[in-house]
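Undergrad: Got a predicted structure plus its sequence, pasted below:
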Amino acid sequence: MPVPQTGGEPIPLSALQHAVYCLRQAALIHLERVWADNRFTAEGHVLHAVADKGGSRKARGVRRVMALPLASIRLNITGVADVVEFLPDDAGETAFPLEYKRGKPKLHRADEVQLCAQALCLEEMTGTPVPEGALFYAETKRRVKVPFDTELRALTLDTIHALTDVLASGQTPPPTTRRERCRACSLLELCRPDIVARPVRTWRGKMVDRLLAERVTE
C-alpha cells in the first residue's frame, strides 16, 4: 500500500473522520479553524467525558487503558484513543482499540477509518499487528467489531493522503455533491454549501444570458 507523503503539523486522528464525511468540513475545521457545536457534537462530548479521564485497569486478564495518546511518525498522524484493550495471547498482548460514538452505525465509513488509523498508530508504537477493534454506539449500546482488512487500510491511507494534500495546499475544497450529509453537519450555516456552490455570474455573463433568452423568445 502506498504511504502518504507527510510533512508539517501532525494530522489529528479526528480529522480523518471529518475528511471521510466531507473534505470541505475537514478543511474548515482543521485549516480555517472554524467550529460550531450542535446537538450531535454536544452529545458526543458527554459520551467521551468518562474515557477522557484516562487511567488503566485490568480485569479477567485484559488490560484497559483509557485516553491513550497515539502517534505515527511514518504517517504524520496523532491523537488519543478512547480506550485500548490489550488482550493476552501467546505472544504477550494484542492491542484492541475501542472508540465511543453517539448515535448508531452509519452508512459511510468515517468512524471505521478513524479507528483503523488508531490501529496503524498502535502497530507502529508496539511493533505488533492489530487485526481488529470495535466501535461502541450509545444509541444501540453495543459494540460493532471492525476488522482492519486490506480494503479499510487502503481507504484509511487514501484519506490521510487526501487530507495531507488539502492541508498542504491551504485551499478549502468546494462543497460536497452529497448534500444529504449537509443536514447533520454542525458547520452547515458556516459552510453555506448552496451559496458557495452557486456559480458566480459577472455582469458580462448576465448580459449573454439575457441576449440568449431574448433570441429564444423571438
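TA: Yep, it's here.
Undergrad: List of residues touching the longest strand along the chain?
TA: For the chain, the strand with the greatest residue count under DSSP state E is strand 77-89. Contacting residues not belonging to strand 77-89 are listed as 10-14, 16, 48, 51-52, 61-72, 93-100, 117-118, 120-122, 160 [Cβ atoms under 8 Å, 6 or more residues apart in numbering]. Any C-beta I mention is one placed from the backbone N, CA and C, and that applies to glycine too.
Undergrad: Sort out which of these are buried, if you could.
TA: For the contacts of strand 77-89, a burial check counting by 16 or more other Cβ atoms under 10 Å picks out 11-13, 16, 48, 51, 64-68, 70-72, 94-100, 117-118, 120-122, 160.
Undergrad: Keep only those of the residues you listed that are in helices.
TA: 13, 16, 48, 117-118, 120-122, 160 (DSSP state H).
Undergrad: For residue 74, which non-adjacent residue is closest in space?
TA: Sequence neighbours aside, residue 124 is the residue nearest to residue 74 in space, at 6.0 Å (criterion: Cβ to Cβ, 6 or more residues apart in numbering).
Undergrad: If you could redo that for residue 144, that was the one I meant.
TA: Nearest non-adjacent residue to residue 144, counting by Cβ to Cβ, 6+ apart: residue 135, 4.8 Å away.
Undergrad: and that neighbour, which of the three is it?
TA: In the three-state summary, residue 135 is assigned as strand, counting by DSSP: H, G, I helix; E, B strand; the rest coil.
Undergrad: Would you point out the helix or strand in this protein whose mean pLDDT is lowest?
TA: When the helices and strands of the chain are compared on mean pLDDT, DSSP states H and E, helix 39-48 comes out lowest with a mean of 44.
Undergrad: Just checking: what are the partner strands of the next helix or strand after that helix?
TA: Sequence-wise, the next helix or strand downstream of helix 39-48 (DSSP states H and E) is strand 55-59. If you go by DSSP bridges, strand 55-59 pairs up with strand 62-72 (antiparallel).
Undergrad: and residue 144, that one's in a helix?
TA: No - assessed with three-state DSSP, residue 144 is strand; it does not lie in a helix.
Undergrad: what about it, how many neighbours?
TA: Neighbouring residues of residue 144 were enumerated by other Cβ atoms under 10 Å; the total is 16.
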